[in-house]
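Asks: fold the following and give me the result.
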Amino acid sequence: MDIELSTFNQVILFIIGSVFFITVSRRALLNTKSHGFYRFFAFESILVLVLINLSYWVKDPFSIQQLFSWVLLLLSILFAAQGFHLLRKLGGLLKHRVDCAENFAFENTTRLVTNGIYKYIRHPMYSALLLLAWGAYFKHYSILGTAMAVFATLFLFLTAKCEERENIQFFGDSYTSYRKKTKMFIPYLL
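Replies: Residues are numbered from 1 along each chain as shown. Here you go, the predicted structure:
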């Protein structure tokens, strides 16, 4: 089963994906100081990565490169699911946070979540996006793919840094203390 897309179809899918990301990020795109502003560009970079490597998604499925890619992609799903679940379960959601009007609803927490995956890393959902980006990258190497993986990584780092400033403003010293005990993206490493 091969997935082949013409350049025209890739461009059409990119436009559709971009319209979706612009729609869901529209408020954040108007505020360059919000973490959502940078996250939009990470989404776009990942979209390009997925589209340019889609035809390689299932080629040579048992090669080391493909197996490594699938491990990253599965970890991406696990990190995202765990992070989202814990925010919903323990975060005490607000309908709207005054300090971050650009946030998605699930981001508007009233309590700092430090259990589960959040015990080890501060940004499991951005870690999931990093894993997704690099998992898509390892499907097939290219200069454009390398650039998009690096851009996604850079924009996710900027997103996390910006969100940390927002969290310090909202949660105060408890977030500052939490930052000292955890890594940003990868447990025990980074």
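
Asks: by contact count, what packs against the longest helix along the chain?
Replies: Across the chain, the longest stretch assigned as helix under DSSP state H is helix 143-171. Helices and strands touching helix 143-171, as assessed by 3 or more Cβ pairs under 8 Å, 6 or more residues apart in numbering; DSSP states H and E, comprise helix 35-53, helix 124-137, helix 173-181. For glycine as for every other residue, the C-beta is placed from the backbone atoms N, C-alpha and C.

Asks: dead centre of the protein: give me the residue that sits there.
Replies: Geometric centre of the chain, nearest residue: residue 129, 3.0 Å, by Cα atoms, centre = their mean.

Asks: now that residue: how far from residue 112?
Replies: 21 Å (Cβ to Cβ, to the nearest Å).

Asks: before we move on, back to that, quick one: contacts for the residue nearest to the centre of the chain?
Replies: For residue 129, the contacting residues are 42-43, 46, 76, 80, 152, 156, by Cβ atoms under 8 Å, 6 or more residues apart in numbering.

Asks: type out the PyMOL command that picks the buried ones from those.
Replies: Only the buried entries of the contacts of residue 129 go into this PyMOL selection, using 16 or more other Cβ atoms under 10 Å:
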select buried, resi 42+43+46+76+80+152+156
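
Asks: farthest-separated two in the contacts of residue 129?
Replies: Across these, the longest distance by Cβ to Cβ is 14.8 Å; it joins 80 and 152.

Asks: where's the nearest residue in space to residue 18 that is not next to it in sequence relative to residue 187, distance?
Replies: Distance criterion Cβ to Cβ, 6 or more residues apart in numbering; nearest residue to residue 18, sequence neighbours excluded, is residue 44 at 6.5 Å. Distance from residue 44 to residue 187, counting by Cβ to Cβ: 27 Å.
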